[in-house]
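1. kindly generate the corresponding structure for this input.
(chains A, B and C)
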Amino acid sequence: MSMARRILAGAVGLVFVLPLWMDLVIALGKRGGAFHIPPTFWPSFHFGAMTVVLTQTHWLHYVANSVLITATTIIGVLTTSLLAGYALAQLRPRGSGAIFVLLIAVMMLPQQALIIPQYVLMKDVHLLNSFGGLILPFTASGAGIFLFRQAFMHMPPSYREAARVDGASTLYYLWRVAIPLLRPAVATTILVTFVSSWNMFQWPLIMADTKSVQPIELALSHYMQAFEANWRELTSAALLAMLPVFMVYGFAQRHIIRSVGGGTSGLVE
Amino acid sequence: MVTNFILLFSGVSLLWRQQRNIPMTERAMASISLEHVVRSFGNQTVLNDISLEIADGEFLVLLGPSGCGKSTLLRTIAGLEQPSSGRVYLDGEDVTQAQPGERDIGMVFQNYSLYPHLSVKENLAFGLRARRTPRHEVDAAVGRVASLLELQELLARKPRQLSGGQRQRVALGRALARRPRVILMDEPLSNLDSALRDRMRVQLRRLHQKVGLTTLYVTHDQQEALALADRVAVMRAGSIEQVGPPEEVLLRPATAFTAAFVGSPPMNLIHIPDPGSEAEQEITIGIRPEDLILGALSGPSISLEVSVEVLERTRDGLLLHGLWRDREVVAKLPLEADRPAAGSITTLSASIDHLAYFCPDSGRRLDLPHSERAKTLAAAQCS
Amino acid sequence: MQLSTAEPGLLKESGGGTAAENGLLPSRHAGSFDGRRRKLRLHGMAGYLFIMPAFSVLTLFFYIPAGLLFIMAFYHWNLFGNSTFAGWANFSTLFNQPLYFRSLAETAYFAAVMVPADTLAGLALALLLREGLGQLRSGKRRRGGGIGRSLVFLPHVTPVIATSIIWAWVFNPRYGLANYVLRTVGLGQPGWLDSTRWAMPAVMLYSLWHSVGYYAVFFLAGLAMVPDQVLEAAKADGASRWYSFRRVVLPMISPTIFMVAILSSVASMQAFSQIYALSGGPHGGAGGPAYATTTDALLIYNTAFIYQHISLAAAMSLVLFLVLLAITLIQKRLARRWVYYGGDK
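-> Got it, this is the predicted structure:
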């Protein structure tokens, strides 16, 4: 890559993060800084709005809801994907080919068109306005099942045979052998589920009216509509919602980006 | 939903429990017995009616070319494969339907299958920990096999930090740590280089003498078979051709296949007309290369006029590769023997007492009386 | 020798190539085994047992609603009481709604801009950020390209509402960043989200910012498949950079272009959160101003949850469902025929 191209690439990259930077500038700016013409581009590190968000409002409560929902969803997706992937790749009961197709075909269903019947269903099974309703439907994923099935198929079968001869039960084998060996697939699943679960908006918008279960994304949207001009507090709260994503991205961006390209390399250690 | 989870967990708890029925006590070793084991996929038969007895403490080697079914047989005993019919007994107990973990066997895989994320110590302890053995018993067992296999220095390492031979020893230790009734090895030396293989062979034999465990060992390498085995079972295309001590397999092969497969170099097989039969039937004669000498012999013997192709020097002799009636014949001569020039015609002879006779159709060994032998050779005009 | 098909449902080792799997052999031996013990039957069931959690979740929350959709669209569905069969009534109501066709037009507008924008901008970004295949192979990573890629991809993982907040500020006609830039370069300053004409372009700009890095990564993967030797050979033949891009690179990444176009169109036709966030407001019902950003997805939401007409929303959903499913299936069919996938197929 030539020098000029590197500089250009860096500049384009900066344009992409400029809005995020402006969020920080306004959140940590002076009162009324958002209305300044021309805009300020450097934060003045006034933590007033952030302190209000952290101490005097319910934002932390919504963050806690998001954490609970995201963490539980991740554990659920990992469990169901691991078990199903293992069964489909190594146990292969009769009809597992058809079952596999059925499970991953979920990815082809247009989510936007299902939201109405899903609402009716959630109402019927009394899962509206509950953590269960925000978590359970996402505790299985076609992509996760696909990933783990691939990973198990790439694993030498003799690991499982050795464990069986040693008298290890299936769960012992999965816990002590498969999970450590399939760490890359586990990591990918955690990262992808984290991003999609933390950023979930439309589902809670429709399924959760009560504040006690709402995640931060939903609370932000309510607040945004009610107090449009309170930019400092809004951007501070938004920063709170983005922060976990930035931290995870900072640690694992290469892994996250690679998992997008549909790369199946490195499923097994 | 809820029902599903209840179903799942009840099933899972059963899976936990079913491995728990083996007491971890000092126990007697065991014999292996196979009765009419058949394994077929559709119309393809991989194991064809195999019956085999392996005695307590015996070291039996399954020898055969790749694809002969020897690994399938081993895996059937391990319970990793189910026979289509027939029975498998361990120490008289019918284990045909038992799970691999219930059979109480140790197994060494060709690629070792050491768990790469576990240390040597954890690898050795895996089987015991899987059975929830008390910690102090696990430590004692690990210590025992570590000292037996001289692994004490390596316990903290990960498999990728080990040499091939060390990995091999850890794989062996993992199989031994549980004090299994029998130990099964699937080509355990084939990933090693030849010098290491020579050393490991001796170590394996010494280990067996020390531990005395019933051992079933699969290999395609006859040198390993002859060096290690109390008895060798030669397999071909899903059937056992011959079972016997190495000397017997080597010196008195029961079939033409065994004769051509065992020995280095293997027996020469030549086909000559059989005077005993009315039609123009042939008989197969086997001559060990060691039994052929240069020149003629007095007394009843076979003499072959061969054109010399290549002379090959080995550690313990001179191999003469010649052509007799367009068939290759190999003779193993003393190193100090006179060397006939390549391209020349020379005579190779063997005493009639050293010859083996095989039925050309079935390949079975024929035990002909002395007089018959002489007559056969005379009629074939090669004595 | 290593045929490892075994005990039905229990032992068939994968690894992708047992004889049974390749269809050479039946997956079950024609067993004449007497008296299987209970334990073995349990083991045969273990496979189903392990699939069941995933299966039940996906069935209950996705397949059953998909089926329910077909029923709801043909009923006067009442959330609180009896529902009565409606036949095509919902659809005839729907097709007499000018707003519905307006929403379809807005959806088409959104998709018609987003699909080429995502594809072209994604490809352009990838070309800018790409590293030579040789560098990828040798494992030498230039920091510049890596950082550029990370920054461009970052918006895609950010939560939509949280980032919509700052973009709402960016689009503020008075003090926002967008009009500041336009003022600086001496261009007109639209009202953006307050204007019926510019609200949709504002939403499009946000959507492009949020998604283009994602598509750029697909293109980066596609470009990495073009061997350096091919480009060098073209260069040796005296091809200009543009010519070799058009005649060599473009055909070789055609599968990626196709895939990105499909992904982008399916995503565009379902866009909801960013439109909801940027076009909402205290006036109830998103998609403003004056329905300027009321796409199909927004109208479905408003119909069901603001206007409380759930059957009509179901009928709209069914249309959307069929259209999107058709796109996906056509893509599967065409992908095989049209596009160069490497190799000699």
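2. now check the host helix or strand of residue B:77, is it near chain C?
-> Secondary structure assignment for residue B:77, by DSSP states H and E: helix B:70-78. Yes: counting by CB under 8 Å from any CB of the partner chain, chain C is contacted by helix B:70-78 at B:70-72, B:75. C-beta here means a position set from N, CA and C on the backbone, and glycine is covered the same way.
3. any part of that helix near chain A?
-> Yes: using CB under 8 Å from any CB, we find that helix B:70-78 touches chain A at B:75, B:78.
4. so where's the stretch 201-345 of chain C uncertain?
-> Applying pLDDT under 70 to the stretch 201-345 of chain C flags residues C:281-285, C:336-345.
5. quick one, helices of the stretch 101-250 of chain A?
-> Applying DSSP state H, counting those that start in this stretch to the stretch 101-250 of chain A gives helices spanning A:111-124, A:131-135, A:142-154, A:157-165, A:170-173, A:179-181, A:183-198, A:202-207, A:216-226, A:231-260.
6. ok, back up a step: check which element follows the helix holding residue B:77 along the chain.
-> strand B:85-90.
7. partner strands of that next one and their direction?
-> strand B:32-41 (antiparallel), strand B:93-94 (antiparallel) (DSSP bridges).
8. give the buried residues for that strand.
-> B:85-86, B:88-90 (16 or more other CB atoms under 10 Å in any protein chain shown).
9. ok, residue 255 - contacts?
-> Just so you know, I chose chain A. By CB atoms under 8 Å, 6 or more residues apart in numbering or on different chains, the residues touching residue A:255 are A:187-188, A:191.
10. actually chain B
-> B:241-242, B:358, B:362-365.
11. again, 7 Å this time
-> B:241-242, B:358, B:363-365 (CB atoms under 7 Å, 6 or more residues apart in numbering or on different chains).
12. then residue C:175?
-> Residue C:175 neighbours (CB under 7 Å, 6+ apart): A:34-37, A:39.
13. so which of these comes closest to residue A:72?
-> residue A:34 (36.0 Å; CB to CB).
14. on that earlier part again, ok, the contacts of residue A:255 vs residue B:283, which is closest?
-> residue A:188 (67.6 Å).
15. the closest one reaches residue A:144, doesn't it?
-> No: using CB atoms under 7 Å, residue A:188 is not in contact with residue A:144; the gap is 8.9 Å.
16. tell me which of those two has more neighbours.
-> The neighbour comparison of residue A:188 against residue A:144 (other CB atoms under 10 Å in any protein chain shown) goes to residue A:144, with 28 against 24.
17. for the residue lying closest to residue A:121 once chain neighbours are set aside, pull up the helix or strand it's in.
-> Using CB to CB, 6 or more residues apart in numbering or on different chains and skipping the chain neighbours, the partner closest in space to residue A:121 is residue C:65 (5.4 Å). Per DSSP H and E, residue C:65 falls inside helix C:64-72.
18. ok, now residue B:157?
-> In the assignment (DSSP H and E), residue B:157 maps to no helix and no strand.
19. that one: what's it in contact with?
-> B:119-120.
20. what values do phi and psi take at it?
-> Phi and psi for residue B:157, reported as degrees, to the nearest 10, are phi -80, psi 160.
21. which stretches in chain C count as strands?
-> C:75-76, C:84-85 (DSSP state E).
22. for those, which one sits closest to chain A?
-> Closest to chain A of the strands of chain C is strand C:75-76 (CB to the nearest CB; 10.8 Å).
23. longest helix in chain B, by number of residues?
-> Selection of the longest helix in chain B by residue count, based on DSSP state H, yields helix B:194-211.
24. how about the lengthiest strand in chain B: buried residues?
-> Longest strand in chain B, counting residues (DSSP E): strand B:301-314. For strand B:301-314, the neighbour count (16+ other CB under 10 Å) marks B:301-304, B:306, B:308, B:311 as buried.
25. between those residues, which is closest to residue B:219?
-> Among the buried residues of strand B:301-314, and counting by CB to CB, the member closest to residue B:219 is residue B:311, at 30.2 Å.
26. what's opposite that closest one in the beta bridge?
-> residue B:320.
27. these two touch, right, it and residue B:320?
-> Yes: contact status for residue B:311 versus residue B:320: in contact at 5.8 Å, counting by CB under 7 Å.
28. from chain A, how far off is residue C:184?
-> 8 Å (CB to the nearest CB, to the nearest Å).
29. do you know how far that residue is from chain B?
-> From residue C:184 to chain B the distance is 57 Å (CB to the nearest CB).
30. can you give me the neighbour number for that residue?
-> Count around residue C:184 with other CB under 10 Å applied: 9.
31. quick check, pLDDT for it.
-> Predicted confidence (pLDDT) for residue C:184: 90.
32. now do the same contact list for it.
-> Taking CB under 7 Å, 6+ apart, one finds nothing in contact with residue C:184.
33. give me that answer again for 10 Å
-> Applying CB atoms under 10 Å, 6 or more residues apart in numbering or on different chains to residue C:184 gives the contacts residue A:38.
34. before we move on, back to that, the strands of chain C: which one's closest to chain B?
-> The nearest among these, by CB to the nearest CB, is strand C:75-76 at 25.4 Å.
35. what's that closest one packed up against?
-> Strand C:75-76 is packed against strand C:84-85, helix C:89-95, helix C:310-338, with contacts defined by 3 or more CB pairs under 10 Å, 6 or more residues apart in numbering or on different chains; DSSP states H and E.
36. returning to that earlier point: buried among the contacts of residue C:175? Need that as a selection in ChimeraX.
-> Per 16+ other CB under 10 Å, the buried members of the contacts of residue C:175 correspond to this ChimeraX selection:
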select /A:34,39
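37. farthest-apart pair in the contacts of residue C:175, please.
-> Across the contacts of residue C:175, the longest distance by CB to CB is 10.5 Å; it joins A:34 and A:37.
38. the chain - how does it break down into domains?
-> No chain in the question, so chain A it is. A:1-46, A:47-261 (automatic domain parsing).
39. actually it's chain C I care about, not the one you picked
-> C:27-72, C:90-338.
40. residue B:330: which of those is closest?
-> Among the domains of chain C, domain C:27-72 comes nearest to residue B:330, with 42.7 Å by CB to CB.
41. let's have the helices of the stretch 101-250 of chain A in JSON lines, adding distance to residue C:277 and mean pLDDT.
-> JSON lines is the format used below for the helices of the stretch 101-250 of chain A (distance: least, CB to CB, whole Å; pLDDT from 0 to 100):
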{"stretch": "helix A:111-124", "distance to residue C:277": "16", "mean pLDDT": "94"}
{"stretch": "helix A:131-135", "distance to residue C:277": "19", "mean pLDDT": "96"}
{"stretch": "helix A:142-154", "distance to residue C:277": "26", "mean pLDDT": "93"}
{"stretch": "helix A:157-165", "distance to residue C:277": "48", "mean pLDDT": "92"}
{"stretch": "helix A:170-173", "distance to residue C:277": "44", "mean pLDDT": "92"}
{"stretch": "helix A:179-181", "distance to residue C:277": "38", "mean pLDDT": "94"}
{"stretch": "helix A:183-198", "distance to residue C:277": "16", "mean pLDDT": "92"}
{"stretch": "helix A:202-207", "distance to residue C:277": "10", "mean pLDDT": "95"}
{"stretch": "helix A:216-226", "distance to residue C:277": "6", "mean pLDDT": "88"}
{"stretch": "helix A:231-260", "distance to residue C:277": "11", "mean pLDDT": "87"}
